[in-house]
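S.K.: Structure, please.
(chains A and B)
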Amino acid sequence: MRQFLLFITIIGVGLLFISRLFYLQVYNASANNLFEDNAIRKVYDYPKRGFVYDRNGELLVANQPSYDVMVIPREVEPLDTLEFCSLLKIDKEQFIKTYKKAYHYSPRLPSVFVSHLSKEDYAVLQEKMRKFHGFYIQKRSLRHYQTTIGANVLGDIGEVNNAIMNREPYYKMGDLIGKQGVEASYENTLRGVKGIKFIQKDRFNRNIGPYKNGKFDTIPEQGKDITITIDAQLQAYGELLMKNKRGGVIAIEPSSGEILAMVAAPTYDPNILVGRGRSKNFTKLYNDSIAKPLFNRSLQGVYEPGSPFKLMNALIALQEGVMSPNESVTCYRGYKYGNRFMKCHCNYGTRNDMITGIQRSCNAYFATTYRKILDKNGNASDGIDAWSKHAKSFGLGDFLGYDLKVGQKGRIPDRDYYKRLYPKTFYSTYTISNAIGQGEVATTPIQLANMIAAIANRGYYYTPHIIKSIEGETLPEQFTKPKYTTIDKQNFEPVIEGMLQVYKNGTASSLQIKDIDICGKTGTVENYAIIDSVKTQLSDHSIFVAFAPKDNPKIAIAVFVENGYWGSRFAGRVASLMIEKHIKGEVTRTDLEEWLLKHSLENEYNKPYSGEPFRINGETSLQIVEEQEYNQLKEKLNKINKADN
Amino acid sequence: MVRETNRHFKFDWITIFLFFLLVGFGWLNILSASHNGATINYLDFSQPFGKQLVFIFLTFGLIILLLAIDAKFYERFSSLIYIISMLSLVGLFIFGKNVNGATSWYAIGGMTLQPSEFAKAATALAVAKYISDLNTNINSFKDQLQTFLIIIIPALLVLLQNDTGSTIVYGAFFFVLYREGLPKYYLTIGLSIIILSVLSLKFGYIITSLIAIILIVVYHFLNKKKIRIYQSILISIAAIAISFGVKFFYQSILQPHQQDRISLWLRLEKDPQKLEKMKQTFAYNLNESEKAISSGGFSGKGFMEGTRTTGKFVPEQHTDYIFSTVGEEWGFLGSAFVVIVFVLLLLRILHLAELQKSQFSRVYGYGVASIIFIHFLVNIGMVMGLIPTIGIPLPLFSYGGSGLWAFTILIFIFIKLDSNRINEW
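M.R.: Alright, predicted model coming up:
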């Protein structure tokens, strides 16, 4: 027995060791993945991010080098701090503070000492850099906007967050990613593919050399340039006209679905989100919960469409055969249904057919039309479903499928939608507000512009899009294949004729442009806000939709100006000017331009926050912008007009 | 006459083969752990792999010398060798050079020598000599005490030089003495103390004491006729005293770093933040070495391909932590191979020891196997996290001239003794 104690112990220990090895190396083995091996440093080689051009080939977004002064505290040798500080334009206290912070982070690893040097400072510093051991200059690439417009279109890039990194392993800490606009939509195209180098490091985190002589390294793939459908001049013009107003403007080329301009007001200069000021400025924009400059009103703003929606009702009535173009309705300064009354601006006893109904925007005419559509088969439930289906075929009530990341569905109600409100009986009068584009109907400016494009095309539209071309790629079919509405082509003509009359003799007659047949429709929409838990009416929204010319339309446009009162007052002016600008290349109605630059709605927007009772619509006077600002705006206008010629 | 001619071929070639297998494979791993990426000049004597190559070459001379000396020499001069060795340990207090906190080196010219490595062999010889003496009776208390003294002197000397690892090695002689007839109760008491200590550290002394008492009571009633009641009571009191004593020993006598090591080993620390901090400080080596072994997987990353080895993530990797290189580069296959070769070597030596006709040779052989076994157990156990961190090299594998030569001497004296057993009628 005594002989065997050590024998058995040795064999036991041998077996124990082998089991432990099995546990560590086989059972519990960590996969030998280069990316997870922390003995291998992964160094990324970032490709050039693609440029962005406008439809006329004007460069909008390029890249600029940015220079950061880096420090590796352990390698720093005594230096002339006075000279160094003056070169970097910092004071000595800041130098000591930053140095300590870097040292605290890691004496061995590089930290940013001063970020985003200007080119001038860089040039001076570079000469003398060799004198300062432990410091070096790291070049990075930032976006360089060649323009001050289109912040909502172009978007910006920023560092990825954890959620993105978890979702997409391509992105690593500190990588940049498109955050808004086309930067976000075309992120994969613009960014290219980064290259990677694997470097063997030691336990002090120092590089020893390439891992396996660079066998697994890859070279970066350059980002592709893109051309967007925006006309930079038109965009700049639209943004200028919308200065001191809130709202959205969308202009679409009906024959292609290309978005010519997309204005969201108020907006900001995209340059403020680049470089040193980025986080400060972004926070400021983000926290502005009243003006909401980051809110893209032309895509995300959901408004009741108001009178422009009457066009839709007219089209549906013709398609359903419940109205003929010549059939007339008498207006008694409004429309009486049951014991209720819907007011109208027409004179007492005016007889309107479809064309004059559109021209005068007669509420009585469209209330009658709407009821006829719903009551066609004597059953308003079936009627509203048919009505809803027609409206939805114009891309209303759902996401349009355009290539920008933000948007809203809007709302086109059907019987299901009303089930909660009216579970049993349902009559056409219940929803009569829909006749004039109020009530439950809601659209975004881009949906409305798209509806107008479909009318301009007499029955079809292309999904609106912002991309015109990508280097070496063809556009996806969704942007090149027309989508047909449920309305037959011949039914568009009476409606278009009515829209033409709006300009010739109707609500927008003051906005005529010489030599261009514009078809439009005004809209004035009541709206309310909750102030101190009291529902309070604010000044009406000013809305305008139009396309031009009548034949072979080149532009379809929708303009929303919040609290701008009647349709032709603000929105109509903006629409007419942008149409003229786009078609003629120059503007003859300078009187309209001056009026728009001169008038501000800021006082109107401040009213709900003033804490005092206020008047609205016709009972208020318009705010005139100050002389100095007016001159500045005027100067900008001259610049835009000059650039165009 | 026939016996005479065959004499030189009586060396146990299996042991010699296993010896060189370990030395050779060990050197490959030292090369991998200590080269620094550039083209390798094998004769670069400023690098550990270059130096170790020299040590290995010198080993051949040493082996020839050891085998040439008459076998009787080792038995006859064992006392002298022991005394010289002890003096060399004492001399360290005056002339010693301090490396990593342990004063266990002589610096002679550019060379350093670690006498404690050689003291193991000397002690093995002295113990063999003393026990095999006809006048020695291991069952007499006086002779037990004498034997313990032979072992405790070097153990105490190295402990005073702060070389805890080497001290533990002298525990190996327990196996030797037990084989030669040390009463069984030593084993029982020793094992009981170890088990009680571990249990009371892990689960607290109250629970441990209770369990111990219950076991003693049960045992008492099963063997009523053999054991008297006062014996059981005494044993119970002793058990309780040990359980309580361990706590005191752990908290008041052990140094903080030793407490930490034990705490980590027994997973006493539950706070994840403190555990994380442990991993970054004193447990850094262990953590990195476990990670390196684990990253090797089944078949390893390949010779000289270990990223953690190349990056020198495991400090002291070419010395005490050499096994982590094996783990990373040769994987489960290579590591298990090394474990098996060690086990085979140990079993071979034990088997030969049992065949010896002279008690001196047998005791010495047992000593050799026990000493190598303790190194093997503690080193690989530590590198894999099974045993608290104790600085002790892996025999024949770890970098170091003194260690390599000391083990060469240890093993080849035995091979010489074994080759001579035919003449021992």
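S.K.: residues contacting the closest residue to chain B within the stretch 51-200 of chain A?
M.R.: Of all residues in the stretch 51-200 of chain A, residue A:200 sits closest to chain B, at 5.7 Å by C-beta to the nearest C-beta. All C-beta atoms are positioned from the backbone trio N, CA, C, and that covers glycine. Counting by C-beta atoms under 8 Å, 6 or more residues apart in numbering or on different chains, residue A:200 makes contact with A:39, A:40, A:41, A:207, A:208, A:209, A:210, A:211, B:37, B:307, B:310, B:311.
S.K.: mind listing which of those residues are in strands?
M.R.: The strands, defined by DSSP state E, take in A:40, A:41, A:207, A:208, A:209, A:210 from the contacts of residue A:200.
S.K.: Verify the contact between the fourth one and residue B:313 for me.
M.R.: No - counting by C-beta atoms under 8 Å, no contact exists between residue A:208 and residue B:313, whose distance comes to 11.6 Å.
S.K.: Could you tell me which residues touch both of those two?
M.R.: Among the neighbours of residue A:208, those also in contact with residue B:313 (C-beta under 8 Å, 6+ apart) are residue A:202.
S.K.: Between those two, which has more neighbouring residues?
M.R.: Neighbours per residue, other C-beta atoms under 10 Å in any protein chain shown: of residue A:208 and residue B:313, the larger number sits with residue B:313, 26 against 17.
S.K.: Kindly reformat the ones in strands among the contacts of residue A:200 as TSV and extend each row with distance to residue B:171 and pLDDT.
M.R.: Shown next, in TSV, are these (distance: C-beta to C-beta, whole Å; pLDDT from 0 to 100):
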residue	distance to residue B:171	pLDDT
A:40	42	76
A:41	45	75
A:207	45	74
A:208	41	74
A:209	45	77
A:210	48	80
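S.K.: buried subset of those residues?
M.R.: Buried subset of those (neighbour count, 16 or more other C-beta atoms under 10 Å in any protein chain shown): A:40, A:41, A:208.
S.K.: From these, list the ones also adjacent to chain B.
M.R.: Residues of these in contact with chain B (C-beta under 8 Å from any C-beta of the partner chain): A:40, A:208.
S.K.: In JSON lines: the buried ones among the ones in strands among the contacts of residue A:200, plus distance to residue B:335.
M.R.: Conversion of these to JSON lines gives the following (distance: C-beta to C-beta, whole Å):
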{"residue": "A:40", "distance to residue B:335": "22"}
{"residue": "A:41", "distance to residue B:335": "27"}
{"residue": "A:208", "distance to residue B:335": "25"}
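S.K.: Tell me, please, where in chain B the pLDDT is lower than the cut-off.
M.R.: B:1-9, B:36-39, B:100, B:280, B:422-425 (pLDDT under 70).
S.K.: mind giving me the domain split of it?
M.R.: B:2-179+B:284-423, B:186-280 (automatic domain parsing).
S.K.: nearest to residue A:475, of these?
M.R.: Among these, the nearest to residue A:475 by C-beta to C-beta is domain B:2-179+B:284-423 (46.1 Å).
S.K.: Help me confirm that residue A:460 comes into contact with residue A:482.
M.R.: Yes - proximity of residue A:460 to residue A:482 meets the contact threshold set by C-beta under 8 Å, at 4.3 Å.
S.K.: List the residues that contact residue A:191.
M.R.: Residues in contact with residue A:191 (C-beta under 8 Å, 6+ apart) are A:47, A:49, A:50, A:176, A:177, A:178, A:223.
S.K.: before we move on, what about residue B:116?
M.R.: Applying C-beta under 8 Å, 6+ apart to residue B:116 gives the contacts B:89, B:104, B:154, B:157, B:158, B:161, B:163, B:166.
S.K.: where along the stretch 301-425 of chain B do the helices fall?
M.R.: In the stretch 301-425 of chain B, the helices defined using DSSP state H, counting those that start in this stretch lie at B:307-310, B:322-355, B:359-383, B:401-419.
S.K.: which outside residues touch the first one?
M.R.: Which is helix B:307-310. Residues contacting helix B:307-310 (C-beta under 8 Å, 6+ apart): A:37, A:39-40, A:200, A:208, A:211, B:32-33, B:37, B:288, B:291-292, B:295, B:301, B:304, B:314, B:317, B:324-325, B:328-329.
S.K.: again, only this time at 6 Å
M.R.: A:37, A:39, A:40, A:200, B:32, B:33, B:292, B:325, B:328 (C-beta atoms under 6 Å, 6 or more residues apart in numbering or on different chains).
S.K.: State the number of residues packed around residue A:590.
M.R.: Residues lying near residue A:590 (other C-beta under 10 Å) number 12.
S.K.: Revised request: answer the last question for residue B:260.
M.R.: The local packing of residue B:260 (other C-beta under 10 Å) involves 20 other residues.
S.K.: tell me which element it is part of?
M.R.: Using DSSP states H and E, residue B:260 maps to helix B:256-265.
S.K.: Between helix B:256-265 and the helix or strand following that helix, find me the angle.
M.R.: The helix or strand immediately downstream of helix B:256-265 is helix B:272-280, counting by DSSP H and E. For helix B:272-280 against helix B:256-265, the angle by axes from the mean of the first three to the mean of the last three C-alpha atoms, to 10 degrees is 110 degrees.
S.K.: Distance from the host helix or strand of residue B:94 to the middle of the chain?
M.R.: Assigned by DSSP H and E, residue B:94 falls within helix B:78-95. Here the centre of helix B:78-95 is set off from its chain's centre by 20 Å, with C-alpha atoms, centre = their mean, to the nearest Å.
S.K.: What values do phi and psi take at residue A:270?
M.R.: With angles defined as degrees, to the nearest 10, residue A:270 sits at phi -60, psi -20.
S.K.: And the residue nearest the centre of chain B?
M.R.: The centroid of chain B falls nearest to residue B:375 when counting by C-alpha atoms, centre = their mean (2.4 Å).
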